[in-house]
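Undergrad: Show me how the following folds:
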Amino acid sequence: MANAHDTIAAHYAAGAAGDVPSMFKDFSDDIVWKESDGGAYAGTFHGMAEVGANIFGRINEEWEGFGAVPDYLVADEATGKVAAVCTYVGTFRATGKPQNVRVVHLWTVKDGKVVAFEQVCDTAEQFKSMS
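TA: Numbers count the residues shown, from 1 in each chain. Now for the predicted structure:
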């Protein structure tokens, strides 16, 4: 079983490679996913069906080349907590404007499965590309 750091690193690597099935292979079916308050995707979603519909489905429709490019990961293997400092990239289709937004993702991995995610994002900065 991979450690928490490697589990999250593999998620980002799969995303960069466009390998969607591998992005989610270590996600728990009942993952709790929280997007920053005030953002376009704000809310707390329970389970992969809600996450898929409310986050990744919308991202696929609304963004071209969307990605979260990690600069580095910090892991506490004793608790399964991982913080990823990333940059959001991609172009919002409706406006044609690119984004370059710093974001922190907070992950929890338990028994090899990703059970929780929280996004900490400057939503005002992200909205600049969406308007």
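Undergrad: C-alpha only now, for contacts and for neighbours.
TA: OK.
Undergrad: Please pull up the helix or strand immediately following the longest helix seen in the chain.
TA: Of all the segments assigned as helix in the chain under DSSP state H, the longest by residue count is helix 4-16. Stepping forward along the backbone from helix 4-16, the first helix or strand reached (DSSP states H and E) is helix 20-24.
Undergrad: export that following helix as PDB, just CAs?
TA: Extracted C-alpha coordinates of helix 20-24, given in PDB (Å, rounded to 0.1, in the frame of the first residue of the first chain):
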ATOM      1  CA  VAL A  20      -8.900  10.200 -15.600                       C
ATOM      2  CA  PRO A  21      -9.600   6.700 -14.300                       C
ATOM      3  CA  SER A  22      -6.200   6.600 -12.400                       C
ATOM      4  CA  MET A  23      -6.900  10.100 -10.900                       C
ATOM      5  CA  PHE A  24      -9.800   8.600  -8.900                       C
END
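Undergrad: Secondary structure of G57: a strand, I assume?
TA: No - assessed with DSSP: H, G, I helix; E, B strand; the rest coil, G57 is helix; it does not lie in a strand.
Undergrad: if we can go back for a sec, can you list contacts of the longest helix of the chain?
TA: Helix 4-16 has contacts (CA atoms under 8 Å, 6 or more residues apart in numbering) with 20, 22-24, 26, 67-70, 73-77, 80-82, 107-110, 112.
Undergrad: likewise stretch 47-61?
TA: Contacts for stretch 47-61 (CA under 8 Å, 6+ apart): 27-33, 41, 45, 66.
Undergrad: Flag every buried residue along it.
TA: 47-48, 50-51, 54-55, 59 (16 or more other CA atoms under 10 Å).
Undergrad: With stretch 32-41 instead?
TA: 32-36, 41.
Undergrad: so of these, which ones are in helices?
TA: Nothing among these maps onto helices, per DSSP H.
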